[in-house]
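Engineer: sharing a sequence plus its predicted fold:
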Amino acid sequence: MALLDNDTQVSTFAEGLDHAEGIAWGLDGYVYAGGEAGQLYRISLDGESVTEFANTGGFVLGIALDAMNNIYACDVGNRVVHKITPGGVVSVYSTGAPGEPFRTPNYPAFDGEGNLYVCDSGDWKADDGKIYRIRPGGETKVWERRLREFPNGVCLGPGGGYLAVAMSLNPPRVARVNIEADGGAGEIAILVELPSTVPDGVAYDEAGNLYVACYRPDRIYRLSPSGELNVLADDCEGTAIACPTNVAFCGRELDALLAPNLGRWHITRYEAGARGLPLQYPHLG
């Protein structure tokens, strides 16, 4: 264990990954992550076993899982969302909407009906990002166009009525976009502004606190339901924490807060003293 700038204990959970960005908990009791050369890793809960069981040949960013432990991976190298079976079979789940293919598919999140929301960040500083929604089976449409400034990580909010979206630019912030009763994108609000940062990943705990991993600086924030912002962990040396990207609560009790480090080769565990808000794991057949 190590203590960084604010007394939060952090430790190395697993090592030997290739600059991982995406991370997720599977209902089969494993942690999953992706690598920059297309790797899909299956990691034991003690972090001791790291196995590459599939490869997309691209660059895997955010990932999500369904109830059968299939992985849905944003592959920015191939500009698709892949479906990867537990046995390692890779197929294309979506290439984007008709006439509007993916450019930078970055992070996916399921809702309770099996819709997969995918942030496409677009080009850096081009303000051309958008959010797609993939219906069960692969039908894809652009769902939200107003959040253009490099939308990055995304997660379903408590109660399932909105998405929290890490916006990396102009200004750096976390926004929320309501999910209307008809499934459309509704009102947008700012949950928090984070000047001089690059927000990347987001996750909620069961108490409604929002955790924000920042690619720059090497920092994890915690935002309370009342809007109080605190630094959970910060590493000025960039070693224990090194370009944290996505963030996820893992473990049978969802009490292990994990974040990969795109700048290095390990996953960091944070002793947050919290349990995660359960995610959606749809049955898609």
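Structural biologist: Arrived safely, thanks for sending. Residues are numbered from 1 along each chain as shown.
Engineer: where does residue 230 land in three-state SS?
Structural biologist: Under DSSP: H, G, I helix; E, B strand; the rest coil, residue 230 falls in the strand class.
Engineer: I'd say it and residue 220 touch.
Structural biologist: No. Residue 230 is not in contact with residue 220 according to Cβ atoms under 8 Å; the separation is 10.0 Å. For the C-beta atoms, the positions are set from N, CA and C on the backbone; glycine is no exception.
Engineer: who has more neighbours out of the two?
Structural biologist: residue 220 (27 against 12; other Cβ atoms under 10 Å).
Engineer: hang on, the more buried one in a strand?
Structural biologist: Yes. Judged by three-state DSSP, residue 220 forms part of a strand.
Engineer: look up the closest residue to it, ignoring the ones flanking it.
Structural biologist: Nearest residue to residue 220 in three dimensions, chain neighbours excluded: residue 232, at 4.4 Å (Cβ to Cβ, 6 or more residues apart in numbering).
Engineer: the one you found reaches residue 223, doesn't it?
Structural biologist: No. Contact criterion Cβ under 8 Å: residue 232 and residue 223 do not qualify, at 10.0 Å.
Engineer: any idea which element residue 187 lies in?
Structural biologist: Using DSSP states H and E, the element containing residue 187 is strand 185-193.
Engineer: picking that back up, ok, the residue nearest to residue 220 to residue 116 distance?
Structural biologist: Look at residue 232 and residue 116: by Cβ to Cβ, to the nearest Å, they are 28 Å apart.
Engineer: how about residue 86?
Structural biologist: 18 Å.
Engineer: skip the chain neighbours and tell me the closest residue to residue 175.
Structural biologist: residue 165 (5.0 Å).
Engineer: who's in contact with the residue nearest to residue 220?
Structural biologist: Neighbour list for residue 232: 6, 8, 211, 220-222, 270, 272 [criterion: Cβ atoms under 8 Å, 6 or more residues apart in numbering].
Engineer: ok, now with 6 Å
Structural biologist: With contact set as Cβ atoms under 6 Å, 6 or more residues apart in numbering, residue 232 has these partners: 8, 220, 222.
Engineer: name the helix or strand for the nearest residue to the first one once chain neighbours are set aside, please.
Structural biologist: Okay, so that is residue 8. In this structure, residue 8 finds its nearest non-sequential neighbour in residue 233, 4.4 Å apart by Cβ to Cβ, 6+ apart. Element membership for residue 233, per DSSP H and E: strand 229-234.
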